[in-house]
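>>> Structural data only, the sequence is not supplied:
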């Protein structure tokens with residue numbers, strides 16, 4: 001997939017709703033200005049603030065931040081203001097990461113693409129009198145999706161009218177939503193995997209907004225070679241209930257090569273409490289080589305452990321180094337599993353365990369397993385009905401006597 005951005009991708013990701021901004025020169029703030037973009041488009045608005053990174057303007061009730069690299073000039077109505085601010089140098093990449101994409105000379109998208117033909121944002125007037133400024137992505141699922149980050153779906157029946165361009169834009173690489181949510185999610189994941197940061201931002205917002213329909217695409221992308229994409233998929237899958245999600249989290253906890261992915265997988269298993277999940281968490285606490293994964297797994301057990309986990313947790317207490325980050329959570333897990341409120345001291349827990357604790361917990365485990373067996377039998381009876389006694393076999397008919405022919 002090409003790395004050059006389409007005009008719409010720049011518009012969608014570059015113009016985002018702003019919560020706050022630094023102060024611009026006092027004489028410019030609050031005045032009405034005309035902002036000229038490098039595409040030739042012009043926006044008339046009230047200037048909120050301005051610095052080397054962005055120009056913040058307000059149109060109606062909406063506030064929008066425009067990257068400085070896209071601004072050619074800002075002219076006050078009735079007179080010019082200083083010319084375009086120079087873009088700042090790209091930040092250095094984090095250790096092990098990739099360098100950010102630098103703006104192309106003269107502004108615009110990497111690769112030199114311009115925003116030719118990009119309309120000014122539409123103004124969506126709601127029936128309650130409010131208005132929203134944004135670029136229209138699509139109409140899908142009874143909603144009008146507009147270009148804010150995250151993408152926002154506005155129920156169509158709440159819209160009074162749209163002032164300006166209401167035709168859906170084509171996001172870079174085919175990012176337009178079509179209404180087929182499952183296929184849209186598949187295409188959005190390809191955008192995320194493209195490595196283009198602008199397109200990734202728009203696509204991530206769209207995938208998250210699609211909800212349950214995005215689960216197949218997210219599950220597939222958990223196999224990505226990029227750990228950041230795998231982390232995104234886990235976050236987006238949290239709270240969804242599609243088949244295969246918790247199995248994928250379990251697999252990531254056991255086998256993913258990246259520490260943060262394994263630790264995140266442990267955290268996401270919080271919502272899937274079961275004996276097999278608790279066993280996986282215990283196994284990670286015992287066997288994972290990284291203390292961060294151990295700490296994440298034990299933190300979940302601190303909220304889910306049962307008496308069945310108590311013996312393994314006591315064994316773990318005896319071998320876990322005193323300086324381990326997982327140790328505080330281990331005492332919480334022991335309190336949860338045992339019902340005891342002992343202090344976080346190994347000596348106290350060992351004394352209790354060797355005294356009466358072990359026998360008490362073994363008895364509780366036996367009771368827990370018995371209840372589980374009874375619950376399973378009851379579930380089978382509800383499913384198949386009560387057992388019927390086997391019918392008594394019918395007596396075999398007496399053999400007919402054979403008469404000699406006369």
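Okay, I see it. Nothing here was measured: the structure is a model prediction, and the numbers come from that model.
>>> List the buried residues of the top helix by length along the chain.
The single longest helix within the chain, with elements called by DSSP state H, is helix 358-384. Residues 360, 361, 364, 365 are the ones in helix 358-384 that count as buried (16 or more other CB atoms under 10 Å). Heads up, the C-betas are built off the backbone N, CA and C, glycines and all.
>>> Could you name the helices and strands sitting against it?
The helices and strands touching helix 358-384, judged by 3 or more CB pairs under 8 Å, 6 or more residues apart in numbering; DSSP states H and E, are helix 310-319, helix 327-338.
>>> so which of the buried residues of helix 358-384 would you say is closest to residue 314?
Each of the buried residues of helix 358-384 was scored against residue 314 by CB to CB, and residue 361 proved nearest at 8.5 Å.
>>> what's the distance between that closest one and residue 281?
To residue 281, residue 361 is 18 Å away according to CB to CB, to the nearest Å.
>>> what does residue 265 give?
From residue 265 to residue 281 the distance is 10 Å (CB to CB).
>>> ok, now residue 333?
In this structure, residue 333 and residue 281 are 9 Å apart, going by CB to CB.
>>> Please apply the same query to residue 200.
Separation of residue 200 from residue 281 (CB to CB): 32 Å.
>>> Also residue 381?
From residue 381 to residue 281 the distance is 32 Å (CB to CB).
>>> just residue 143 next, same as before
Applying CB to CB to residue 143 and residue 281 gives a distance of 39 Å.
>>> So the two - more neighbours on which side?
Neighbours per residue, other CB atoms under 10 Å: of residue 143 and residue 281, the larger number sits with residue 281, 27 against 20.
>>> Could you tell me how many residues sit around residue 251?
The tally of other residues near residue 251 (other CB under 10 Å) stands at 15.
>>> buried stuff in the strand or helix carrying it?
Per DSSP states H and E, residue 251 falls inside helix 245-255. Neighbour counts over helix 245-255 (16+ other CB under 10 Å) mark 245, 246, 248, 249, 250, 252, 253 as buried.
>>> Next up, the contacts around the second one.
Contacts of residue 246 were listed using CB atoms under 8 Å, 6 or more residues apart in numbering, and they are 269, 271, 272, 277.
>>> Among those residues, which lie within helices?
Residues from the contacts of residue 246 lying in helices, with DSSP H as the criterion: residue 277.
>>> from the contacts of residue 246, which two are the most distant?
Longest span within those, CB to CB: 271 and 277, 9.6 Å.
>>> Looking only at neighbour counts, state which of these two leads.
residue 277 (21 against 14).
>>> List the residues that contact that one.
246, 250, 269, 304.
>>> Give me the neighbour count for the third one.
So that's residue 269. Neighbour count for residue 269, taken as other CB under 10 Å: 24.
>>> so it touches residue 249, yeah?
Yes - between residue 269 and residue 249 there is a contact under CB atoms under 8 Å: 5.3 Å.
>>> circling back to that earlier point, what is the mean pLDDT for the longest helix of the chain?
Averaging pLDDT along helix 358-384 yields 87.
>>> same check, this time on stretch 258-266
On average, stretch 258-266 scores 95.
>>> Pull out the buried positions in it.
259, 260, 261, 262, 263, 264, 265, 266.
>>> now stretch 294-314
Buried positions in stretch 294-314, judged by neighbour count with 16+ other CB under 10 Å: 294-302, 304-314.
>>> same deal with stretch 179-190?
181, 184, 185, 186, 187, 188, 189, 190.
>>> next one: stretch 271-284
272, 277, 278, 280, 281, 282, 284.
>>> by how many degrees do the one helix or strand residue 228 maps to and helix 245-255 diverge?
For residue 228, the host element (DSSP H and E) is helix 227-237. Interaxial angle of helix 227-237 relative to helix 245-255 (axes from the mean of the first three to the mean of the last three CA atoms, to 10 degrees): 150 degrees.
>>> Name the residues that touch helix 227-237?
With CB under 8 Å, 6+ apart as the criterion, helix 227-237 contacts 192-193, 204, 207-208, 214-215, 218-219, 221-222, 224, 245, 248-249, 252, 256, 258, 260-261, 264-265, 268.
>>> Quick check: pLDDT value at residue 24.
So residue 24 comes in at 34 (pLDDT).
>>> er, residue 288 I mean
Looking at residue 288, its pLDDT stands at 95.
>>> which residues touch the residue nearest to it when sequence neighbours are not counted?
Residue nearest to residue 288 in three dimensions, not counting chain neighbours: residue 294, with 5.7 Å by CB to CB, 6 or more residues apart in numbering. Contacts for residue 294 (CB under 8 Å, 6+ apart) come out as 284, 285, 288, 320, 324, 325, 326.
>>> Show me how to select, in ChimeraX, the buried members of those.
The following ChimeraX line selects those of these that are buried, judged by 16+ other CB under 10 Å:
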select :284,285,288,320,324,326
